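**Q** quick one: sequence and predicted model below, then my questions.
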Amino acid sequence: MDLSQIQAQRVISALKRGVFPPVKVEYFTAGRSTEIASLKRDLSRAASGGSSAAFFEGDYGHGKSHMLRTVQSIAVEAGFAVAWVTIDGRTHAFNHPTRYLHAFLENLVVPNLPTRGLANAVDAWMTGPRRSELLGFAKTAPWPIGMSLLRIGQTSERQEEVDLSSGWFLEGRDLQAKNGIHYHDLFYERVEAIGQLCRAAGLKGMVWLFDEVECISKFLVNRLSRFAAYSVMKRLVEPTGFQHSCFYFATTSEFRDRLSVEYTPYGMYGGAAAFVADWRAAKYPIHRLKKLNREDNNSLLRSIRDAHAIAYEWQATDKVGDHVIAKYLDMADGKVMTEREIVRAFVNILEICEQNPGLEPMHKIGRST
């Protein structure tokens with residue numbers, strides 16, 4: 001396992017919280033070969049100028065967010081920029097995309113840059129070999145993207161500190177108070193411009209990740225609000241919508257259940273009715289994440305054990321051997337645990353064994369699970 005001690009410690013810290021780490025996530029991904037193969041085809045299509053969209057559907061605790069982390073890791077490794085937002089019922093309500101564009105762009109991850117955020121990425125790009133391409137793009141980019149790029153380019157050339165307002169505009173803060181369907185076109189314009197900007201910076205494209213999309217059905221109790229959200233969804237999932245872009249949505253079956261009973265909306269929400277009809281007709285790629293089987297979980301827990309051994313410099317296999325993992329999975333099967341619960345409890349066992357060398361783990365498995 002190619003992990004440094006610091007990386008391994010970050011991995012274990014994330015797993016303790018029941019989430020999978022954004023680094024080296026491929027070591028902790030099991031049973032998702034079909035989804036990963038589809039992802040790689042999507043990225044290839046986007047790199048060639050196309051657009052792709054897909055949904056990851058699964059029960060709570062069965063790997064949706066982990067799948068998005070896997071998408072992020074693979075996409076960044078392939079040369080894409082990746083942005084992530086978690087949908088909710090208010091601050092990041094799906095039907096008001098102008099509210100959360102800034103959250104996307106402040107969390108932007110690009111290859112070979114340790115800091116997050118589009119403004120930080122542009123600062124780095126402007127001092128690199130793609131400076132002329134970026135300034136050329138800035139002359140045709142929509143306001144305020146072009147203005148911000150030119151201002152950053154001028155200040156970096158004079159080696160001055162960049163005006164904070166450039167990053168404020170670049171990351172979409174100016175749209176945050178513009179709510180409602182009448183401002184959706186501004187959101188689409190920025191999404192398209194950001195994709196073009198990433199291409200000018202030498203990247204292959206842009207990947208947008210939406211987590212907890214079921215919040216559309218959980219919190220948007222007003223039918224007009226839901227159909228405004230569906231109109232946004234329809235625009236993003238169109239195969240010719242945004243060049244060099246991929247859109248991925250993680251949701252539970254609640255979203256599917258809501259769509260199955262929706263009825264005709266008011267006509268002002270363009271595309272919303274078509275989205276509902278197309279979903280019901282199974283016209284969109286929907287990956288229903290299956291629960292990991294015994295073999296998958298066995299592989300996953302061995303990887304976690306190896307990471308823990310690197311993180312804390314101990315011989316984890318001596319104390320928590322494969323027979324202990326088998327015993328633990330027997331207990332987990334009997335308790336019908338989710339994937340998240342299986343991982344968190346196993347990390348707890350590793351922690352106890354590492355900190356108590358004289359302890360026999362076989363006697364503590366039932367209590368830990």
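**A** It's in.
**Q** for the rest of this, base every contact and every neighbour count on C-alpha atoms.
**A** OK.
**Q** what's the neighbour count on residue 335?
**A** Residue 335: 11 surrounding residues under other C-alpha atoms under 10 Å.
**Q** just the one 4 residues further on next, same as before
**A** Residues near residue 339, counting by other C-alpha under 10 Å, number 17.
**Q** so what's it scoring on pLDDT?
**A** pLDDT, residue 339: 84.
**Q** any idea how far residue 298 is from it?
**A** Remark: distance between residue 339 and residue 298 (C-alpha to C-alpha, to the nearest Å) = 12 Å.
**Q** cool, and residue 289?
**A** 18 Å.
**Q** next one: residue 269
**A** In terms of C-alpha to C-alpha, residue 269 sits 48 Å off from residue 298.
**Q** cool, and residue 4?
**A** Between residue 4 and residue 298 the computed distance is 23 Å (C-alpha to C-alpha).
**Q** try residue 334
**A** Between residue 334 and residue 298 the computed distance is 16 Å (C-alpha to C-alpha).
**Q** again, but for residue 250
**A** 25 Å.
**Q** tell me which of these two has more neighbours.
**A** Neighbour totals were compared for residue 250 and residue 298, and residue 250 leads with 25 against 17 (other C-alpha under 10 Å).
**Q** what residues are bridge-paired with the more buried one?
**A** For residue 250, the beta-bridge partners are residue 56 (DSSP bridges).
**Q** list the residues that contact it.
**A** 55, 56, 57, 64, 65, 68, 210, 211, 212, 213, 214 (C-alpha atoms under 8 Å, 6 or more residues apart in numbering).
**Q** would you format those as a markdown table with pLDDT and secondary structure included?
**A** A markdown table is the format used below for these (pLDDT from 0 to 100; DSSP: H, G, I helix; E, B strand; the rest coil):
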| residue | pLDDT | secondary structure |
| --- | --- | --- |
| 55 | 97 | strand |
| 56 | 97 | strand |
| 57 | 96 | strand |
| 64 | 89 | helix |
| 65 | 87 | helix |
| 68 | 93 | helix |
| 210 | 98 | strand |
| 211 | 96 | strand |
| 212 | 95 | coil |
| 213 | 97 | coil |
| 214 | 96 | coil |
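**Q** tell me the contacts of the closest residue to residue 202 other than its chain neighbours?
**A** Nearest non-adjacent residue to residue 202, counting by C-alpha to C-alpha, 6 or more residues apart in numbering: residue 130, 7.0 Å away. Neighbouring residues of residue 130 by C-alpha under 8 Å, 6+ apart: 200, 201, 202.
**Q** and residue 300, what element?
**A** Assigned by DSSP states H and E, residue 300 falls within helix 294-312.
**Q** buried ones in that helix?
**A** For helix 294-312, burial by neighbour count (16 or more other C-alpha atoms under 10 Å) applies to 297-312.
**Q** now, among those, which is nearest to residue 183?
**A** residue 300 (44.5 Å; C-alpha to C-alpha).
**Q** and the closest residue to the closest one other than its chain neighbours, how many residues sit next to it?
**A** Counting by C-alpha to C-alpha, 6+ apart, residue 28 is the residue found nearest to residue 300 once chain neighbours are left out, at 5.7 Å. Here the number of neighbours of residue 28 (other C-alpha under 10 Å) works out to 20.
**Q** return the residues in contact with residue 28.
**A** For residue 28, the contacting residues are 20, 300, 303, 304, by C-alpha under 8 Å, 6+ apart.
**Q** most widely separated two among those residues?
**A** Of all pairs drawn from these, the greatest distance, 12.4 Å, lies between 20 and 303 (C-alpha to C-alpha).
**Q** by contact count, what packs against the strand or helix carrying residue 10?
**A** In this structure, residue 10 sits in helix 5-16 according to DSSP H and E. Packing partners of helix 5-16 (3 or more C-alpha pairs under 8 Å, 6 or more residues apart in numbering; DSSP states H and E): helix 294-312, helix 339-355.
**Q** tell me what the last one is packed against?
**A** Other helices and strands packing on helix 339-355, by 3+ C-alpha pairs under 8 Å, 6+ apart, are helix 5-16, helix 294-312, helix 316-319, helix 365-368.
**Q** kindly report the same for the longest one.
**A** Here helix 294-312 touches helix 5-16, helix 316-319, helix 322-335, helix 339-355, going by 3+ C-alpha pairs under 8 Å, 6+ apart.
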